[in-house]
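Enquirer: The sequence isn't on hand, but the structure is:
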């Protein structure tokens, strides 16, 4: 799904499998999760398997993907990228620095946020725009979850450039829904919904635009979001 949100010069790889045959870790990666519980190790390994497939899409050899502050993946020189994982979906997106300044992706199960989380991650104006939470199993869009995922993508785009934290209340998001195509992917389950979003940053940095633009997609119980900024963002609004 993530490949539907990003342009052709971004190499994407994803899987819905909980384990993958090419999920072997490099020794340096193994050391990072040696004492982790099985779920953490598996999430780590499957996301890195996706990363190495995305590297291959850029013509790069497979290398270890270590992490920095708050788990931010560390990429080879000249490469930018993002990883995500949730139950039922793992993905990686990589691009060359000459083409993309920064990008962020996120995947979440399409379900209501846990009690109390909605108020922590949204602004009053956002809650007014998205309306009350949809009941689980209602078939409606869980806008609070879409918004949460979109903010995660915003933060993953923001931090590598600014090296400062961005709080959930420091980005004000608005969403646009587009008509979903029927039977996307040759007869697979039709798309529930997709569209665009704009994140107005309440904490700004001259290295990034004051509004970040992204896309969202819901399909088969998963919501994915992506944000991308071009190096020439001052001259073009290209995604």
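Expert: Received, thanks. Just so you know, these numbers come straight off a predicted model, no measurement behind them. Numbers count the residues shown, from 1 in each chain.
Enquirer: Next one: residue 36 relative to residue 44, how far apart?
Expert: 7 Å (CB to CB, to the nearest Å). C-beta: built from backbone N, CA, C; applies to glycine.
Enquirer: same deal with residue 159?
Expert: The separation that residue 159 has from residue 44, given CB to CB, amounts to 19 Å.
Enquirer: re earlier: of residue 36 and residue 44, which one has the most company?
Expert: Just comparing residue 36 and residue 44: by other CB atoms under 10 Å the higher neighbour count belongs to residue 44, 23 against 12.
Enquirer: Check for me that that one belongs to a helix.
Expert: Yes - assignment of residue 44 by DSSP: H, G, I helix; E, B strand; the rest coil places it within a helix.
Enquirer: burial measure for the nearest residue to it once chain neighbours are set aside, as a count.
Expert: Residue nearest to residue 44 in three dimensions, not counting chain neighbours: residue 33, with 5.0 Å by CB to CB, 6 or more residues apart in numbering. For residue 33, the number of neighbouring residues by other CB under 10 Å comes to 16.
Enquirer: my read: residue 33 touches residue 43, true?
Expert: No - distance between residue 33 and residue 43: 9.2 Å, which falls outside the contact criterion (CB atoms under 8 Å).
Enquirer: Now do the contacts for residue 122.
Expert: Contacts here follow CB atoms under 8 Å, 6 or more residues apart in numbering; on that basis residue 122 touches 130, 144, 147, 168.
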